[in-house]
Structure formats: C-alpha cells, structure tokens
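In: sharing a sequence plus its predicted fold:
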Amino acid sequence: MSEKLETYDKAQKTFLQNVSHEFRTPLMSIQGYAEGIKYNVVESSSSADIIIGETKRMTNLVEDLLYLSRLDAIEENYHSNYFDFNKLIISCIERMNGVALKSNIKILTEIKDEKICIHADEEKLSRAITNIMSNCLRYAETYVKIASRVIDDNELELTVSDDGPGFNEYELQNIFDRFYIGQNGNYGLGLSISKNVIEKLHGKIIAKNSVSGALIIILLPVNSFS
C-alpha cells in the first residue's frame with residue numbers, strides 16, 4: 001500500500017508539471033486573441049476559430065494526461081481477457097477510416113485470415129494501436145500500411161508504417177517521451193501512452209525508418225492461434 005501511495009504521489013506531481021509546461025502556449029494564445037477581440041485589433045471570426053481550436057487541443061491534452069496518470073499509478077487498472085487480435089485490428093482500422101478519408105489517405109492491410117488469440121486488456125491495447133495509426137496518418141503522404149503476423153508460434157508482430165518523411169535519426173530515441181516535440185511537429189502524449197500500455201502487456205514497441213517512411217513495430221506474446 002505504501003509503495004502504491006508513493007507511486008500515485010509521484011504520478012500526480014508529474015501530471016502537474018506536465019500540465020503547467022504544455023498548457024502555457026495555448027493559454028497565452030487564447031489570452032492574446034481574446035484581448036485582440038476585446039480591443040478590436042484582430043478579426044473576431046478567425047480569432048474565435050483559433051481560440052476554439054486551442055481549447056479543443058487543451059481538452060484532448062487533459063484527457064490524455066488523466067489517462068496516462070492512471071496507467072502510471074494503478075497497476076490493477078488492467079482487465080485482461082482472451083480475444084482475437086486480428087478482429088481488434090480490423091476494428092481499429094474501421095474507426096480510423098474516417099480520418100484517413102478526410103486526409104485522402106489509404107489504409108492498406110496485410111492481415112492473414114487466421115485467429116490470433118492473445119491475453120490482454122482489449123480497450124487499452126486498442127487505444128495504443130489507434131494512437132500509433134493516428135500518428136502515421138498525420139504524416140503520411142498517400143497511405144498507411146498495417147500488417148500482422150505470428151513469429152515462432154509465440155510472438156505477435158504488428159507493424160504500422162507510412163510513406164511520409166519518416167523520423168530524423170536523432171529523434172528515434174525520444175519519440176516515446178512525454179511531450180517530445182520533433183522537428184516535424186508535436187508527437188504529444190499518444191506515443192507515450194502506447195509505449196506505456198504495450199510494455200505493461202509484456203510487449204515491446206520500436207520506432208525506426210523504412211524505405212518509404214516511418215515504421216512502428218509492436219511485439220506481443222501470443223497464447224494460441226489457429
């Protein structure tokens with residue numbers, strides 16, 4: 001109990017530090033545009049759109065921070081069950097198709113017609129995978145590719161790749177860090193959440209560059225397949 005309380009306290013302190021760091025810029029932006037509207041020095045319609053966009057960004061950050069804080073602090077928060085991994089992937093793709101269509105990006109798949117049974121927290125794993133897909137969709141030029149396979153009957157490999165600019169070599173060791181800002185944009189908390197979930201499920205997550213762009217590899221233990 002003492003160790004759990006200490007972990008929770010540490011997570012809360014980290015949460016507050018991250019909030020103060022990440023919210024500073026959007027709050028300054030909101031204040032600046034609100035004052036501009038008040039004193040009639042900026043165009044109100046476009047300024048209101050920026051304020052709305054910044055508040056939505058802050059709302060998403062709060063949700064991600066609370067989620068990540070819970071993952072850090074509460075070990076028993078994981079509720080594992082047996083399920084078909086390929087069905088989960090198809091579900092994730094269906095959920096992300098709207099984003100892909102809006103960005104004129106195709107989601108390509110290489111998923112065999114087989115049942116891959118794993119024991120994991122389905123909701124958290126789904127969130128981890130959609131976070132990765134979302135990141136690839138953000139930087140893809142024309143497509144994002146999803147592929148899964150079983151390695152040596154005991155390990156599952158999922159790859160998510162795109163045809164975007166890829167990662168800079170010096171970024172590869174940092175992109176799963178919380179709030180890490182890369183040269184091509186803000187990776188935010190999504191990849192950090194994914195790493196946290198995958199590792200809690202006794203898996204590994206790796207980022208690298210492929211011939212065409214960015215490549216994220218997830219390795220998870222497999223219980224059985226047929």
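Out: Received, thanks.
In: Asn107 is in what secondary structure piece?
Out: For residue 107 the amino acid is Ile, not Asn. Element membership for Ile107, per DSSP states H and E: strand 106-111.
In: pull out the buried residues from stretch 128-141.
Out: Residues of stretch 128-141 classed as buried: 128-140 (neighbour count, 16 or more other Cβ atoms under 10 Å). For the C-beta atoms, the positions are set from N, CA and C on the backbone; glycine is no exception.
In: actually stretch 100-112, not the one I wrote
Out: Ala100, Ile105, Ile107, Ile111.
In: so what pLDDT did the second one get?
Out: What that stands for is Ile105. pLDDT recorded at Ile105 is 94.
In: do the same with the one 3 residues further on
Out: Reading off the confidence values, Leu108 has pLDDT 95.
In: residues touching the nearest residue to it once chain neighbours are set aside, list them.
Out: Spatial nearest neighbour of Leu108, excluding adjacent residues (Cβ to Cβ, 6 or more residues apart in numbering): Lys145 at 4.4 Å. Lys145 sits next to Ile107, Leu108, Thr109, Glu110, Thr159, Val160, Ser161, Asp162 when contact means Cβ atoms under 8 Å, 6 or more residues apart in numbering.
In: and Lys145, that one's in a strand?
Out: Yes - assigned with DSSP: H, G, I helix; E, B strand; the rest coil, Lys145 falls within a strand.
In: so Phe83 is in which element?
Out: strand 81-84.
In: after that strand comes which helix or strand?
Out: Following strand 81-84 in sequence, per DSSP H and E, is helix 85-102.
In: could I get the full set of strands for this protein?
Out: 81-84, 106-111, 116-120, 143-151, 155-162, 181-182, 185-186, 204-209, 214-221, 224-225 (DSSP state E).
In: between the ones you listed, which one is nearest to Cys92?
Out: Nearest to Cys92, of all these, is strand 143-151, at 8.2 Å by Cβ to Cβ.
In: and that closest one with strand 155-162, angle?
Out: In terms of direction (axes from the mean of the first three to the mean of the last three Cα atoms, to 10 degrees), strand 143-151 departs from strand 155-162 by 170 degrees.
In: would you put the C-alpha positions of strand 143-151 in PDB?
Out: The C-alpha trace of strand 143-151 is given here as PDB (Å, rounded to 0.1, in the frame of the first residue of the first chain):
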ATOM      1  CA  TYR A 143      -1.000   5.600 -47.400                       C
ATOM      2  CA  VAL A 144      -0.600   3.900 -44.000                       C
ATOM      3  CA  LYS A 145       0.100   0.200 -44.000                       C
ATOM      4  CA  ILE A 146      -1.000  -2.200 -41.300                       C
ATOM      5  CA  ALA A 147       0.500  -5.800 -41.200                       C
ATOM      6  CA  SER A 148       0.400  -8.500 -38.600                       C
ATOM      7  CA  ARG A 149       2.000 -12.000 -38.300                       C
ATOM      8  CA  VAL A 150       2.900 -14.600 -35.700                       C
ATOM      9  CA  ILE A 151       6.600 -15.300 -35.200                       C
END
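In: just the mean pLDDT for that strand, thanks.
Out: For strand 143-151, mean pLDDT is 93.
In: done for today, thanks.
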